[in-house]
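Colleague: Sequence first, then the predicted structure:
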Amino acid sequence: MISAAGLVKSFGRVAALRGIDLDVRPGESLAVLGANGAGKTTLLRILATLDKPTAGRLEVAGLDALAKPAAVRARLGLVAHQTYLHAELTPAEDLRFYARLYGVPNTDARVAALLEMVGLALSAGARVAHLSRGQQQRLAIARALLHDPPVLLLDEPDTGLDSHGLAVLESLLRSERTVVFSSHNRAWATSFASRVVELANGRITDG
């Protein structure tokens, strides 16, 4: 489902990734662990086509991610450090906005179902700016699922989550989707991942 070979990413003279080879099978839940500065976020941003590698090859869902990033994004759901939510909108409005971008059919029903799933149905009319950090993270998860993508990329998705949000997240990690996620909580991550890789100084050292 994801195949990366020789991924390098440099910022000036600083090398964030130093030749990453990675294959993620369909339905696999892969945890990417490592200290701050190891390259986890850089790797996930490249997998999500938000950044281009300095060198290397990347395929996602059978597509060349460097040649066809828009087509790849249509097959991805992303939860990043930045929520990409619109503070002035309500949760329902925000999801409908993204649903139009993705061409999601039966938008109202899909939005209602996702808000119910993440426990925000009763907050559908509140402004995103007034939601707690945990509620915003739950909404970001709902947004990532809008178009029912086969691949989920989650950068420290457990950060700031309340118990309801953790339950939703853990159900996704047990699902049949292909998931690549990072976390600082090693014990939690390893309990839900089908495989773990370790990053250190921009290189995979284990996995």
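Modeller: On my side now, so go ahead.

Colleague: Quick one: distance of the helix or strand where Val197 lies to the chain centre.
Modeller: Taking DSSP states H and E as the definition, one finds Val197 inside strand 195-200. What separates the centre of strand 195-200 from the centre of its chain is 17 Å, taken as Cα atoms, centre = their mean, to the nearest Å.

Colleague: Direction included, what does that strand pair against?
Modeller: The strands beside strand 195-200 in its sheet (DSSP bridges) come out as strand 29-33 (parallel), strand 203-206 (antiparallel).

Colleague: between these, which gets nearest to Pro150?
Modeller: strand 29-33 (13.1 Å; Cβ to Cβ). (Glycine included, C-beta is placed from N, CA and C.)

Colleague: Most tightly packed of the strands paired with strand 195-200?
Modeller: Comparing the strands paired with strand 195-200 by mean neighbour count (mean count of other Cβ atoms under 10 Å), strand 29-33 comes out on top with a mean of 24.

Colleague: so how far is it off the chain centroid?
Modeller: Centre-to-centre, strand 29-33 and its host chain are 12 Å apart (Cα atoms, centre = their mean).

Colleague: Touching that strand from outside, list them.
Modeller: Around strand 29-33, the neighbours that count as contacts under Cβ atoms under 8 Å, 6 or more residues apart in numbering are 24, 40, 43-44, 173-174, 178-183, 186, 189-190, 192-199.

Colleague: repeat for stretch 125-140
Modeller: Contacts to stretch 125-140, defined as Cβ under 8 Å, 6+ apart, come from residues 79, 83-92, 94-95, 118-120, 123, 157, 159-162, 164-165, 168.

Colleague: Which of those fall within strands?
Modeller: If you go by DSSP state E, these have Val79 in strands.

Colleague: Make a ChimeraX selection of the buried ones in the contacts of stretch 125-140.
Modeller: Selection of buried members from these for ChimeraX, criterion 16 or more other Cβ atoms under 10 Å:
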select :79,83,85,90,91,92,94,95,118,119,120,123,157,161,165,168
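
Colleague: how close does the closest residue to Gly34 other than its chain neighbours get to Ile46?
Modeller: If the residues on either side of it in the chain are set aside, Gly34 comes closest to Leu199, at 3.6 Å by Cβ to Cβ, 6 or more residues apart in numbering. The gap separating Leu199 from Ile46 is 13 Å, by Cβ to Cβ, to the nearest Å.

Colleague: Kindly report the same for Leu173.
Modeller: From Leu173 across to Ile46, the span is 22 Å (Cβ to Cβ).

Colleague: follow-up on the earlier one: would you list the buried entries among the contacts of strand 29-33?
Modeller: Burial by neighbour count, judged by 16+ other Cβ under 10 Å, picks out 24, 40, 43-44, 173, 178-183, 189, 192-193, 197-199 from the contacts of strand 29-33.

Colleague: For this structure, just list every one of the helices.
Modeller: 40-47, 69-73, 91-102, 107-117, 133-145, 163-173, 186-192 (DSSP state H).

Colleague: for the ones you listed, which one sits closest to Ala61?
Modeller: Nearest to Ala61 among the helices of the chain is helix 69-73; the distance by Cβ to Cβ comes to 6.8 Å.

Colleague: With just CA atoms, put that closest one into PDB.
Modeller: What follows is helix 69-73, C-alpha atoms only, in PDB (Å, rounded to 0.1, in the frame of the first residue of the first chain):
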ATOM      1  CA  PRO A  69       0.200  14.000  -5.400                       C
ATOM      2  CA  ALA A  70      -3.400  15.200  -5.800                       C
ATOM      3  CA  ALA A  71      -4.500  11.700  -6.800                       C
ATOM      4  CA  VAL A  72      -2.700  10.300  -3.800                       C
ATOM      5  CA  ARG A  73      -4.300  12.800  -1.400                       C
END
